[in-house]
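Novice: Okay, sequence plus prediction incoming.
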Amino acid sequence: MAISRISFGEWTPDQPGLTNGLQRAENVFPKATGYGAINAAVNYSADASETLNNVVAARITATGVTAVFAGGATKLFKLDAADLSLDNVSKASRTITTVARTTNVVTITTSVAHGFSSGDTVTIAAVTNTGLNGTFTVDTVPTTTTFTYAQTGTNIPSGADTGSVTFAYVTPSQQRWRFTQFGNVLIAANGGNRLQGYNVNSSSNFSDLAADAPQARYVTIVRDFVVSGYINESTIRANRVQWSALGDESSWTNSATTQADYQDIPDGGAVVGITGGEFGLVFMDRSIHRMSYVGSPLVFQFDNISRNQGCYEANSIIQYGGTSFFLSDDGFYACNGQEIMPIGNEKVNRYFFSDVDEGTLNLMSAAIDPARKLVIWAYASKSSATVDKLLIYNYQVGRWSAGTTDVNRVATSSTPSFTLEGLDVFGDLETITTTFDSRIWLGGKMQFAGLHNAKIVTFSGANNTAYIETGDIEVPGGTSSITMAKPIVDNGSGNVALLSRRLLNEPTEFGAQTVADAENRVSIRGVGRYHRLQLTPTGNWKTTVGVDIELNGLGSR
């Protein structure tokens, strides 16, 4: 019997099976040689009080400890490392001291500075003058302790009252929180409220980053500036990029002295994302612009580096180091600020667009797994109304794979460190499903994470069930037979199914999988001109690189 080794090469679903590329690489990630295991998502935090839409890790500069934050439609949360609860750290509620209503305008006075801005949504719960109660939009802020809103009713003379004012963020439909850290301050943008700031060394609650900070969808750091995009205020400036004063996130008034300013980009449609660093990349519907610091009076120079090609979906943008990855209207790309490089062309682009539900493309999310050099996109397929698929790209070796998931979002985060005693929050040592060599226990290390409804999750559970399917195996000259397979799986074995066809137009339906015996041999038999093998690795496996088969030519008949 002739033994042939079938190595697991590149997954290229856009190509036919005869090209030797893998036809399926599911719940695995590509390595330089072979494929590694993707772990299942496991719950990490307790439930927040509402569904979450993003998560981020911030470094507490005073101690070097990592803190984890998350956002929902109306609240911002901070993970409590002691019990893994998600504490509400939104703008703080305030105590009412005085109320009045004059000519259908209500004035509320609070006991301390309220921190509210025009356009904020607040809920009034006065104890005495209950007719003032309800949820309203702040119209004006005359002083730091007073604000007004419109309400039809008879005049109420100014007088003492008690009760509370509760604040709620308003995240527009199909938008989510986006975070960046500038020095000590974690900055959050949701497109419905002014940029929010939280001093990681001292804050207890988020508050407006500044009284003149914009209401923006996107935020990043470019050089020593906080940069925002898609300004969503009384007049929507979808093509505007606005930045803070040099080195000062609290100053946004246009000034030649401070260099705070803005730029309306005339070509390319709306801003759909910004990534930062030494230079900025502004992604628009139909163009990409590089913003480079040049000093006063221009401050930034904007160069169009991609005309008529932009970003198809804002939530596909993810940056690691100096490279940004994104989905354009014809596939996946990477941009380093100088050139735009296709990474999915003739590999996965057609597969993705045939699989994704473009009507729910806004559900897409992206994350970086730096330990394994991966970019991971999550999306909803045509067969599902919710997110159910992963597309995985190893940016070091330029190879792809796919996966399945039940998370709502993927994200890049970090975890606080734990002592042995601190592991009690996860249950008994016998019931913890995450392996103890996972970076989840180290703290401060970037890791692949996500969100499942109101919980933060980490991809640190048991190996997901994986499937690797070869392309068509052919012996030149005619019919051949396969009578044995031996999985090549590091620290494991595998189950194998076989498909044999005489003609390429015959159905591609595999038989049942067969389990390897004690000698890691799988007894299978197939006769045809074209053969495909399907492997499911088993055990606590690490890497699978191929399969050895007994393949014999039978000649033409």
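Specialist: Thanks, I have it. Numbers count the residues shown, from 1 in each chain.
Novice: tell me the domain boundaries of this structure?
Specialist: Following automatic domain parsing, one gets these domains for the chain: 3-34+465-555, 94-168, 171-370.
Novice: To residue 60, which of the ones you listed lies closest?
Specialist: Among the domains of the chain, domain 171-370 comes nearest to residue 60, with 4.7 Å by C-beta to C-beta. Heads up, the C-betas are built off the backbone N, CA and C, glycines and all.
Novice: Just tell me which of the domains of the chain ends up closest to residue 386.
Specialist: Nearest of the domains of the chain to residue 386, taken as C-beta to C-beta: domain 171-370 at 7.3 Å.
Novice: can you list the domains of the chain in CSV and add distance to residue 409, mean pLDDT and mean neighbour count?
Specialist: Below are the domains of the chain laid out as CSV (distance: least, C-beta to C-beta, whole Å; pLDDT from 0 to 100; neighbours: other C-beta atoms under 10 Å):
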stretch, distance to residue 409, mean pLDDT, mean neighbour count
domain 3-34+465-555, 19, 93, 18
domain 94-168, 21, 95, 16
domain 171-370, 4, 96, 19
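Novice: Export these as JSON lines, with columns for distance to residue 381.
Specialist: Below are the domains of the chain laid out as JSON lines (distance: least, C-beta to C-beta, whole Å):
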{"stretch": "domain 3-34+465-555", "distance to residue 381": "13"}
{"stretch": "domain 94-168", "distance to residue 381": "33"}
{"stretch": "domain 171-370", "distance to residue 381": "5"}
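Novice: out of the ones you listed, nearest to residue 58?
Specialist: So among those, domain 171-370 is nearest, using C-beta to C-beta, at 4.4 Å.
Novice: ok so, going back, which stretch among the domains of the chain comes nearest residue 40?
Specialist: Across the domains of the chain, closest to residue 40 is domain 3-34+465-555 (C-beta to C-beta), at 8.9 Å.
Novice: Of the domains of the chain, which is nearest residue 45?
Specialist: Per C-beta to C-beta, nearest to residue 45 of the domains of the chain: domain 171-370, 15.7 Å.
Novice: what's the distance between residue 42 and residue 503?
Specialist: Here residue 42 is placed at a distance of 46 Å from residue 503 (C-beta to C-beta, to the nearest Å).
Novice: go on, residue 252?
Specialist: 68 Å.
Novice: Kindly report the same for residue 521.
Specialist: 30 Å.
Novice: same deal with residue 211?
Specialist: 73 Å.
Novice: Span of stretch 129-140 from start to end?
Specialist: 21 Å (C-alpha to C-alpha, to the nearest Å).
Novice: Would you mind pulling the contact partners of that stretch?
Specialist: Contact with stretch 129-140 is made by 99, 101, 105-106, 108, 116-126, 147-151, 153, 156, 159, 161, 168, as judged by C-beta atoms under 8 Å, 6 or more residues apart in numbering.
Novice: can we see that at 6 Å?
Specialist: 99, 106, 116, 118, 120-121, 123-126, 147-149, 156, 161 (C-beta atoms under 6 Å, 6 or more residues apart in numbering).
Novice: Take the residues you listed and keep only those in strands.
Specialist: 99, 106, 121, 123-126, 147-149, 156 (DSSP state E).
Novice: Let's have those residues in TSV, adding distance to residue 550.
Specialist: What follows is the ones in strands among the contacts of stretch 129-140, written out as TSV (distance: C-beta to C-beta, whole Å):
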residue	distance to residue 550
99	87
106	84
121	70
123	73
124	78
125	77
126	83
147	80
148	83
149	79
156	91
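Novice: I'd like to know which of these is nearest to residue 32.
Specialist: For the ones in strands among the contacts of stretch 129-140, the residue nearest residue 32 by C-beta to C-beta is residue 121; the value is 51.6 Å.
Novice: residues in contact with the closest one?
Specialist: Counting by C-beta under 6 Å, 6+ apart, residue 121 touches 137, 168, 170.
Novice: one more time with 8 Å
Specialist: 135-138, 167-170.
Novice: and if you look at residue 491?
Specialist: Here residue 491 is in contact with 539-542 (criterion: C-beta under 8 Å, 6+ apart).
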